[in-house]
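Colleague: No sequence on hand, only this structure:
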């Protein structure tokens, strides 16, 4: 059984993923806030295309992965006896 070509065998670029190479670091940034960077088929194709580019870029000695979305806290709710900083 082989992987579906529409999912992995393209070299697609899009606005969903960005690549920047600076000072030897390739930064691949997921930028799909509408679906919270869920790895849809389109996002996976774009990600794979940028990863292939980063791997073949002689300027990059490492790759850093990032997201355009701010991290959200998943703190537990405060109890009645605790002071909560919101």
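Modeller: Perfect, thanks for sending it. Just so it is clear, the model here is predicted, and its values are computed rather than measured. Numbering: from 1, shown residues only.

Colleague: And the strands in the chain?
Modeller: Ranges of strands within the chain are 17-22, 25-30, 62-67, based on DSSP state E.

Colleague: List the buried residues for the first one?
Modeller: Neighbour-count burial for strand 17-22 flags 17, 18, 19, 21 (criterion: 16 or more other CB atoms under 10 Å). Glycine gets a C-beta too; all of them are placed from N, C-alpha and C.

Colleague: circling back to that earlier point, would you list the strands of the chain in TSV and tack on mean pLDDT and distance to residue 38?
Modeller: What follows is the strands of the chain, written out as TSV (pLDDT from 0 to 100; distance: least, CB to CB, whole Å):
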stretch	mean pLDDT	distance to residue 38
strand 17-22	93	13
strand 25-30	93	10
strand 62-67	90	12
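
Colleague: nearest to residue 42, of those?
Modeller: For the strands of the chain, the distance to residue 42 is smallest for strand 17-22, at 9.6 Å, taking CB to CB.

Colleague: Pull the residues that contact that closest one.
Modeller: 26-31, 43, 46-47, 49-50, 53-54, 57, 59-60 (CB atoms under 8 Å, 6 or more residues apart in numbering).

Colleague: make it 10 Å
Modeller: Residues external to strand 17-22 that are found in contact with it (CB atoms under 10 Å, 6 or more residues apart in numbering): 13, 26-32, 37, 42-51, 53-54, 57-61, 63-64, 66, 68.

Colleague: just the buried members of these?
Modeller: 26-32, 37, 42-51, 53-54, 60, 63.

Colleague: Out of these, list just those in helices.
Modeller: If you go by DSSP state H, the buried ones among the contacts of strand 17-22 have 42, 43, 44, 45, 46, 47, 48, 49, 50, 51, 53, 54 in helices.
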